[in-house]
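1. Pasted the sequence and its predicted model underneath.
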Amino acid sequence: MKLDAAFIAKMKEELSARKLDLIKELNIDAVKVTDEDYDAKFPNYGEKEDENAAEVATFEKNLSMEKTLEVSLFNVNKALKKIEEGKYGTCEKCGMPIDPKRLEAFPSATTCMECKKKSL
Ligand SMILES: [Zn+2]
């Protein structure tokens, strides 16, 4: 079963929009190092002890946010690359087609439901 061009075009559009959203969010909580690598921002509220504690708390929040966003961005970029290579919608573990319903729900999915279940 091959995905039709209209479906792939729709997924590409969604992935591109998602990519822009992720980059926007990353720019709030992190600083850009390279296109795919960001570092969490360390805020500077002041030198008082409670201010320092607040900085660390915010940094930790930014750090976990940054990691989550970065992983999402990585997966979105990977899916976009697969579209370009004409490999989109194929499970990268078993090579079987991924259910289009799964792709609609998770446009950046790179494995089929069966392999996903196995890896959990
Ligand atoms: Zn699979």
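-> Great, that's in hand. Residues are numbered from 1 along each chain as shown.

2. now the residue of the chain positioned farthest from its centre: how far from the ion?
-> Centroid-distance maximum for the chain: Lys48 at 36.4 Å, with C-alpha atoms, centre = their mean. As for Lys48, its distance to the ion is 54 Å (criterion: C-beta to the ion, to the nearest Å). From N, CA and C alone the C-beta is placed, and that goes for glycine too.

3. neighbours around Ser72, how many?
-> Neighbours of Ser72 under the rule other C-beta atoms under 10 Å: 17.

4. shaky segments in the protein?
-> 1 (pLDDT under 70).

5. for the ion, what are the nearby residues on it?
-> Contact residues, the chain versus the ion (C-beta under 5 Å from the ion): 91, 93-94, 112, 115.

6. what's the farthest-apart pair in those residues?
-> Lys93 and Cys112 (7.5 Å; C-beta to C-beta).

7. which residues does the nearest residue to Cys115 once chain neighbours are set aside contact?
-> Of all residues beyond its chain neighbours, the one nearest Cys115 is Lys93 (4.0 Å), with distances taken as C-beta to C-beta, 6 or more residues apart in numbering. Counting by C-beta atoms under 8 Å, 6 or more residues apart in numbering, Lys93 touches 111-112, 115, 118-119.

8. which among those gets closest to Asp99?
-> Cys112 (6.9 Å).

9. Tally up the residues packed near the closest one, please.
-> If you count neighbours by other C-beta under 10 Å, Cys112 ends up with 21.

10. Ok, Asp39 next?
-> 14.

11. What's the first helix or strand after the strand or helix carrying it?
-> Using DSSP states H and E, Asp39 sits in strand 38-40. Using DSSP H and E, the helix or strand that follows strand 38-40 towards the C-terminus is helix 49-85.

12. still on that earlier bit, export the contacts of Lys93 as a markdown table, with columns for distance to Ala6 and secondary structure.
-> Compiled in a markdown table, the contacts of Lys93 are given as follows (distance: C-beta to C-beta, whole Å; DSSP: H, G, I helix; E, B strand; the rest coil):
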| residue | distance to Ala6 | secondary structure |
| --- | --- | --- |
| Thr111 | 23 | coil |
| Cys112 | 21 | coil |
| Cys115 | 26 | helix |
| Lys118 | 31 | helix |
| Ser119 | 30 | helix |
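
13. Noted, bye for now.
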